[in-house]
Every structure is written in C-alpha cells, then in structure tokens.
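Peer 1: got a predicted structure plus its sequence, pasted below:
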Amino acid sequence: MAYRNLVIVTLHGEAPVHLSRQETQVLLGLNKGRSTKQIAYQMGIKSCTVRTYVSTIKNKLGVITRESILPRAIQLGLLEPPMFEKG
C-alpha cells in the first residue's frame, strides 16, 4: 500500500507540518489501535524505530504524550476518529 506524505495545516496560521511516509504509516497504525510492536511488525522495522517515529510525530504536532497524538490529529482534520479492527 502506497502512502503519500501528509501535510497538516495547523490552526491560527501556523506553518504546516509535514509527515514522512513512515510517520504517516505509524500515525495510521496508532489510529487503528495498534501497539508499537504491531506497527513495527507491519512495517518490517524495529520497535525502537517506531518509538522514534512516535516521538517525531509528537514534536511535529506539538503534543507531549503519545495519547495526545490522535486527538490532535483529529482536531487538525488529519484523521477521522479511531477505526479499531477486530482481532
């Protein structure tokens, strides 16, 4: 599945935020309720690399915690509310 880089238009005229393809994949995995380990397996990378991407996403979105990523992404219109998969 091909992922494009995402551009998030921030509120109040701030500069847009750019997410790489890998960051986009991690964000979509988080939105599906996947763990770090599950995202790493799906992407074929190590868990520590996923944690690095999560940290980068937090910095780019201007949030402090992992739990704040999805609400902020939804607030910016980047994501729809979480879509949890069964199983």
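Peer 2: Alright, I've got the coordinates.
Peer 1: all strands for the chain, in order.
Peer 2: Secondary structure of the chain, counting by DSSP state E: strands at 6-8, 17-19.
Peer 1: quick one: the last one to chain centroid distance?
Peer 2: Between the centre of strand 17-19 and the centre of its host chain there is 10 Å, according to Cα atoms, centre = their mean, to the nearest Å.
Peer 1: against which helices or strands is it packed?
Peer 2: Under the contact criterion of 3 or more Cβ pairs under 8 Å, 6 or more residues apart in numbering; DSSP states H and E, the helices and strands touching strand 17-19 comprise strand 6-8, helix 47-61. Placement of C-beta: from N, CA and C, glycine included.
Peer 1: and Gly29, which of those is closest to it?
Peer 2: With respect to Gly29, and counting by Cβ to Cβ, the nearest of the helices and strands packed on strand 17-19 is helix 47-61 at 8.1 Å.
Peer 1: coming back round to it: hey, least reliable of the strands of the chain by pLDDT?
Peer 2: Here the strands of the chain differ in mean pLDDT, and the lowest is strand 6-8 at a mean of 55.
Peer 1: tell me how far the residue most central in space within the chain lies from Ile74.
Peer 2: If you average the C-alpha coordinates of the chain and look for the closest C-alpha using Cα atoms, centre = their mean, you land on Leu27, 2.0 Å from that point. From Leu27 over to Ile74 the distance is 11 Å, taken as Cβ to Cβ, to the nearest Å.
Peer 1: related to what we said a few turns ago, quick one: the residue nearest to the centre of the chain from Ile64, how far?
Peer 2: From Leu27 over to Ile64 the distance is 17 Å, taken as Cβ to Cβ.
Peer 1: could you do Lys32 as well?
Peer 2: When Cβ to Cβ is the yardstick, Lys32 and Ile64 sit 23 Å from each other.
Peer 1: who has more neighbours out of these two?
Peer 2: Under the criterion of other Cβ atoms under 10 Å, the comparison of Lys32 against Ile64 puts Lys32 first, with 14 against 9.
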